[in-house]
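1. here is a sequence with its predicted model. Questions after.
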Amino acid sequence: MSSIRVINDKCTGCTLCVKVCPFGAITMVDKKAVIDLDKCTLCGACLDACRFNAIELKRESKKTENIDQYKGVWVFGEQKKGVIQPVVFELLGKARELAKNLDTQVSCVVLGHNIKDKAQELIYRGADNVYIVDNQKLEHFLDEPYTKILANLIRKHRPEILLSGATIIGRALIARVAVKLHAGLTADCTALDIDPKEKILLQTRPAFGGNIMATIITRNHRPQMATVRHKVMKEAAIDKTRKGKVIEENFDVTLLTSRTSILEVVEEVTSTINVSEADIIVSGGRGMRGPENFALLEELAKVLGAAVGASRAAVDSEWMPYSHQVGQTGKTVCPKLYIACGISGQIQHLVGMQSSEVIVAINQDPSAPIFGVATYGIVGDLFQVVPLLTKKFKETLKR
Amino acid sequence: MNIIVCIKQVPDTTQVRINPETNTLIREGVQSIINPFDMYAIEEGVRLKERFGGKTTVITMGPPQAEAALREAISLGCDDAVLVSDRAFAGSDTLATGYTLSMTIKKIKDFDIIVCGKQASDGDTAQVGPGIAAHLDIAQVTCVRKIDEFKDNQLTVERMTEEGFEIIKTRLPCLMTVVKEINSPRIPSLKGKMRAKSAVIPTWKGKDIEAQEEHLGLIGSPTQVVKIFTPPPRPKGQIFEGDAEDSASKLVGILKGIL
């Protein structure tokens, strides 16, 4: 049996634990915290809040306590500058499917400022409940307050599954939340399903640079948490007949304390579309011969509504900023269409893009390894081929 | 300023192949290397010491042979190294790994900054860095591409985002994960190589770091791998050669169907 107790010698009567307890299980008696064990769920929120290590929790069980009480599929509704990120709509589509299988509800939780008006679209896209946590200090992502608030909401509402985009924010946040909750977390999933017998989440992800796929489960802990790669799940369609609840969550302001602060947010992506979110990527490598020639790719990208990517060779030569780099030490992408121009296809590049749906390679050297993964290839001079493609796509797509 | 760099020894992913009959990784002949992102962490750990003074300690959790990775890190300028190795760690997922490394860091005790690579090339999770920070309950900044200044016990850094970067101020102690853009790693000096050769590297076991058994290895790992398989091979592509005009027309004709 697990147990929790207050170490009276250490308790200073500061009441921090009283404020954070999601279950109202702690009261102050004679300036010492007293835990009502009937109300306490051993969630551990008070341990995180206590600055004096005055609460001791012994977890004997290897399982999450009351595991059967965890219900529902949650999606972390990542927003930037008040805009819900596209990956959230992809996750809602998947979450609906999982929830149907489990006969449960889908909830989306959004932390931010002045974001209440976003709730309606999340409902149209599949959420049954939208939890809104609104505060000026939550306008931009901050690791610590976001962690504390999300962890507390999970303790309170007990979802069985939590999904987040495998974005820079998602990966920083959810890994931290998982530790706070002692939950299992699987990174960068590309497929999710429910095991028909055990009714648990089957999380499939690439490892070893996409050379193998692994299916991972979290049997004894809740929530089952996963970050999910962009662009692999189908975006949920808008259904304006859908109804749902919007719940504004209150929280204690002490949860807003942060040891980091944002001084400035700088956007530097040259094209309007960033590589990780793009449906189409036009990418260039050593064969581009110089930074000025990337203009050719940008013209093609513009016609296609694509982002411009680059190989490590092109980035190391400072032809393109690092934020555009695709590959092992850059970004892993899986767009619908990846057009590799003058990229030989070193394995370090391939591991970053080989799960793209359609790969087009344009290269002078017919023996270049990029042709090994290409769906379509053109052996030829890219300085001839790329402008031709731009011209022909322009005519065909009437752009 | 005392700096701890966490590294991982990984199989060189670029050499990993699958045995199609058994569906297992062919590890024979595959070299072990320091995780590529960790090379930038080592370099930044050494640069921080050079800029602000102090000591850089490199740690890794892994089998006994992971000591080679620590020696390489010393040759690149790290002062001390600790190997955390115990059979009880076997089967650790990212939660158990983060716990084990955080207990190791607690034993080292004296630290201002922990530097990790953004993610490891074998697992690609990017979870252990934030996990260590959470276990230690310290500030974290992921995907750092530049360290600007250090003033009043606060560090100003640039964090890479999908769209660009953010300038972030953080109190110490803090944990940073770094991306490639942050520096160009040096090559080992002759002096460094000699130090690496003679360095005495302690091996700490679970009991040395006062770890609770229930949080270690398989028992301490909520996640469990149930199936490993190879992704379906890509179908053989269609290659156009010859006249560029002709090839371009054919390609546009095919692609317009999927756009």
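-> Yep, it's here.
2. make it CA atoms for all contacts and neighbour counts henceforth
-> OK.
3. what residues does the stretch 1-150 of chain A have near chain B?
-> Contact residues, the stretch 1-150 of chain A versus chain B (CA under 8 Å from any CA of the partner chain): A:62, A:143-144.
4. okay, and for the stretch 51-200 of chain A, where does confidence drop off?
-> Scanning the stretch 51-200 of chain A with the threshold set as pLDDT under 70 gives A:59-61.
5. in helices, which of the residues of the stretch 1-150 of chain A next to chain B appear?
-> A:143-144 (DSSP state H).
6. in TSV, list the residues of the stretch 1-150 of chain A next to chain B along with neighbour count.
-> Converted to TSV, the residues of the stretch 1-150 of chain A next to chain B look like this (neighbours: other CA atoms under 10 Å in any protein chain shown):
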residue	neighbour count
A:62	15
A:143	24
A:144	23
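7. show me where the stretch 101-250 of chain A has helices.
-> According to DSSP state H, counting those that start in this stretch, the stretch 101-250 of chain A carries its helices in the segments A:119-124, A:143-157, A:168-181.
8. just name the most buried of the ones you listed.
-> helix A:168-181 (a mean of 24; mean count of other CA atoms under 10 Å in any protein chain shown).
9. does that helix come close to chain B?
-> Yes - Helix A:168-181 reaches chain B (CA under 8 Å from any CA) through A:168, A:171-173, A:175-180.
10. picking that back up, out of the residues of the stretch 1-150 of chain A next to chain B, flag the one nearest to residue B:230.
-> residue A:62 (31.8 Å; CA to CA).
11. quick one: the closest one and residue A:220 touch, right?
-> Yes - here residue A:62 lies in contact with residue A:220, judged by CA atoms under 8 Å, at a distance of 7.3 Å.
12. domain map for chain A?
-> The record's domain parsing of chain A by automatic domain parsing lists A:3-58, A:67-252, A:275-397.
13. now those domains as JSON lines including distance to residue B:79?
-> What follows is the domains of chain A, written out as JSON lines (distance: least, CA to CA, whole Å):
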{"stretch": "domain A:3-58", "distance to residue B:79": "33"}
{"stretch": "domain A:67-252", "distance to residue B:79": "29"}
{"stretch": "domain A:275-397", "distance to residue B:79": "26"}
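14. wait, which of the ones you listed is closest to residue B:153?
-> With CA to CA, the closest approach to residue B:153 among those belongs to domain A:67-252: 18.6 Å.
15. can you give me how far the closest one is from the chain middle?
-> Averaging C-alpha positions (CA atoms, centre = their mean, to the nearest Å) puts domain A:67-252 8 Å from its chain's average.
16. again, but for stretch A:282-291
-> 30 Å.
17. contacting residues for residue B:73?
-> B:42, B:58 (CA atoms under 8 Å, 6 or more residues apart in numbering or on different chains).
18. tell me which helix or strand it sits in.
-> Residue B:73 belongs to helix B:67-75 when assigned by DSSP states H and E.
19. how far does that helix sit from the chain's center?
-> Helix B:67-75 has its C-alpha centroid displaced from the chain centroid by 14 Å (CA atoms, centre = their mean).
20. do stretch B:86-100 as well
-> Taking CA atoms, centre = their mean, one finds the center of stretch B:86-100 at 15 Å from the center of the full chain.
21. mind listing what's buried in it?
-> By neighbour count on 16 or more other CA atoms under 10 Å in any protein chain shown, the buried set for stretch B:86-100 is B:86, B:88-100.
22. re earlier: nearest to residue A:342, of the residues of helix A:168-181 next to chain B?
-> Using CA to CA, the residues of helix A:168-181 next to chain B come closest to residue A:342 at residue A:168, 28.7 Å.
23. please report how far the residue nearest to that closest one when sequence neighbours are not counted lies from residue A:276.
-> Nearest residue to residue A:168 in three dimensions, chain neighbours excluded: residue B:161, at 6.5 Å (CA to CA, 6 or more residues apart in numbering or on different chains). The spacing between residue B:161 and residue A:276, counted by CA to CA, to the nearest Å, is 11 Å.
24. may I have the host helix or strand of residue A:348 as PDB, with CA atoms only?
-> Using DSSP H and E, residue A:348 maps to helix A:347-353. The C-alpha coordinates for helix A:347-353 follow below in PDB (Å, rounded to 0.1, in the frame of the first residue of the first chain):
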ATOM      1  CA  ILE A 347      22.200   8.300 -45.200                       C
ATOM      2  CA  GLN A 348      22.200  11.200 -42.700                       C
ATOM      3  CA  HIS A 349      19.900  13.100 -45.100                       C
ATOM      4  CA  LEU A 350      17.700  10.100 -45.900                       C
ATOM      5  CA  VAL A 351      16.900   9.400 -42.200                       C
ATOM      6  CA  GLY A 352      15.400  12.900 -42.000                       C
ATOM      7  CA  MET A 353      13.000  12.600 -45.000                       C
END
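25. what helices or strands is whichever helix or strand comes after it leaning on?
-> Remark: after helix A:347-353, the chain's next helix or strand is strand A:358-363, criterion DSSP H and E. With contacts defined as 3 or more CA pairs under 8 Å, 6 or more residues apart in numbering or on different chains; DSSP states H and E, the packing partners of strand A:358-363 are strand A:337-341, helix A:370-373, strand A:376-379, helix A:382-397.
26. please consider this matter closed, and thank you.
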